[in-house]
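Visitor: got a predicted structure here, sequence first:
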Amino acid sequence: MDSALKKLLCPEDCHTGNAIPKTRNSWSLAENSDWHKYSKHVFINKNFRFTWAPLFFFPFYQGSNFVYDEIPPRAVPLNLVGKLTPRFTFKDNFGDIFKLKHGNKKTYRFNLTRFDVAVEEARLNAGEEKRLYSMNKKNLLFFTGVTKLCKPENIPAGVFTHTCRFSNVAFPESIFIFSMNRSVTGGTFKYDDIAFNGPYFTDHRIQQVKIDFGGKEFSNTEPNFGTINNDFVDMKSLFDHIKNGPFGLFTNPEIITRANVLNGFKNTDFPHVYMSLIPSGNRTRIIPLLNDGSAINKNDDLSITLKFNTESVANSQVYYFYLCYTDVNMTLDLKTKKFESPYLIK
């Protein structure tokens, strides 16, 4: 995440958004490590507080970059939709949050003492409000934001290819793939089960990603934009991470380096594959071979085929496939007074 955007979203040193390593192997108990520096703001034998905006969660977070990209959020007309009631579910088990030093038998928990919600309210003149709604011929209000469609898939150990299929979806702006221990989806994951200093995503071992949409292919030779560990594709990945960041986020160019993008970020704490499908840096899309672009203008089935390297898939891994859209996250029908996502098909 861009350093200025992160400072806006995570302004306090104790903020949970700052509880993340900045470089490989820097999250450790060693003196002056990233963890050691962060812990001084949390384990202080007294209360600490921080502001929090739930990332990509409508209506609290609209757009990809909060308000930093100068695209203001759209107000929710509560006079039309009625009472808005957010619900927060808190965790009972903190085994996936706290990692104990060897020999430490203590139990750690968060004790939440106060939770305040800040709301900004705007009131319009009744006549002006009616005029604004009457000008809306489609009777729809559009709210910008990020939509992520995710499929976690258990891939058996030892296989060398795997295909993930999304049915009846819009063609995405980007695809994001990573892998984690299978216990994460099973609800049994414990932080103590992995090394303290990472990596936190597992080695994905992906060599090639191939996509087709509605049965139509986008390339027939290699290397192509789905090839991993190729100099030219690595440079495309570097450009895409900086100019068209994952989930539309502004990224930190000090972290997105030529060395880090190598082989799907294999030598970082978060190995992953990111494929931007808007090659010119705007809202255009790549199109299938021998097609005028009409194939991607309607919903269809999307297949993502992974080819793994000679090590094949490791044991007990689950792969997460994300399709990302960053234009409209939610619409409000002024007649039915209901919110709907344009990308979630019922």
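Guide: Everything's here; your move.
Visitor: which residue of this protein sits farthest from its center?
Guide: No residue in the chain sits farther from the centre than residue 127, which is 41.0 Å out by Cα atoms, centre = their mean.
Visitor: which helix or strand contains the nearest residue to residue 199 once chain neighbours are set aside?
Guide: Spatially, and ignoring its direct neighbours in sequence, residue 199 is nearest to residue 269 (4.7 Å; Cβ to Cβ, 6 or more residues apart in numbering). Every residue, glycine included, has its C-beta placed from N, CA and C. For residue 269, there is no enclosing helix or strand under DSSP states H and E.
Visitor: residue 269 against residue 22, yeah?
Guide: No - assessed by Cβ atoms under 8 Å, residue 269 is found out of contact with residue 22, at 9.6 Å.
Visitor: neighbour count for the two, which is higher?
Guide: residue 269 (18 against 13; other Cβ atoms under 10 Å).
Visitor: so who does the more buried one touch?
Guide: Residues in contact with residue 269 (Cβ atoms under 8 Å, 6 or more residues apart in numbering) are 21, 24, 27, 198-201.
Visitor: and residue 165, how many neighbours?
Guide: When neighbours are defined as other Cβ under 10 Å, residue 165 has 14 of them.
Visitor: before we move on, what about the one 5 residues further on?
Guide: Here the number of neighbours of residue 170 (other Cβ under 10 Å) works out to 20.
Visitor: check residue 37 too.
Guide: 14.
Visitor: same thing with residue 117?
Guide: Quick note: residue 117 (other Cβ under 10 Å) scores 7 neighbours.
Visitor: how far is the worst-scoring helix or strand of the chain on mean pLDDT from where the chain is centred?
Guide: Scoring the helices and strands of the chain by mean pLDDT, DSSP states H and E places helix 126-134 at the bottom, with a mean of 73. Mean-position distance between helix 126-134 and its chain equals 37 Å (Cα atoms, centre = their mean, to the nearest Å).
Visitor: check which residues of the following helix or strand past it are buried.
Guide: The helix or strand immediately downstream of helix 126-134 is strand 140-144, counting by DSSP H and E. Neighbour-count burial for strand 140-144, counted by 16 or more other Cβ atoms under 10 Å, picks out 141, 143-144.
Visitor: pLDDT (mean, whole number) over whatever helix or strand comes next after strand 140-144?
Guide: Once strand 140-144 ends, the next helix or strand along the chain (criterion: DSSP H and E) is strand 147-154. What strand 147-154 shows for mean pLDDT is 94.
Visitor: okay, the angle between the very next helix or strand once past strand 147-154 and strand 147-154?
Guide: Scanning forward in sequence from strand 147-154 by DSSP H and E, the next helix or strand is strand 161-169. Orientation of strand 161-169 against strand 147-154 (axes from the mean of the first three to the mean of the last three Cα atoms, to 10 degrees) gives an angle of 150 degrees.
Visitor: give me the contacts around the helix or strand that comes right after strand 161-169.
Guide: Downstream of strand 161-169, the first helix or strand assigned by DSSP H and E is strand 174-181. For strand 174-181, contacts defined as Cβ under 8 Å, 6+ apart pick out 189, 193-194, 200-204, 206, 209, 211, 240, 244, 246-247, 270-278, 304, 306, 316-324.
Visitor: what do you get for stretch 205-221?
Guide: With Cβ under 8 Å, 6+ apart, stretch 205-221 has contacts from 171, 175, 177, 222, 224-229, 264, 273, 275, 286-289, 291, 295-296, 300-309, 311-314.
Visitor: filter those down to the buried ones, ChimeraX style.
Guide: To isolate the buried members of the contacts of stretch 205-221 in ChimeraX, using 16+ other Cβ under 10 Å:
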select :171,175,177,225,226,227,228,264,273,275,286,287,288,295,296,300,302,303,304,306,307,308,309,313,314
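Visitor: so which of the contacts of stretch 205-221 belong to strands?
Guide: 175, 177, 273, 275, 300-308 (DSSP state E).
Visitor: determine which two of the residues you listed are furthest apart.
Guide: Farthest-apart pair in these is 300 and 308; separation 26.3 Å (Cβ to Cβ).
Visitor: for the stretch 1-150 of the chain, which residues score under the pLDDT cut-off?
Guide: 135 (pLDDT under 70).
Visitor: that one: helices as residue ranges?
Guide: For the stretch 1-150 of the chain, the helices defined by DSSP state H, counting those that start in this stretch occupy 3-9, 34-39, 78-81, 126-134.
Visitor: go through this protein and flag its longest helix.
Guide: For the chain, the longest helix by residue count, based on DSSP state H, is helix 231-243.
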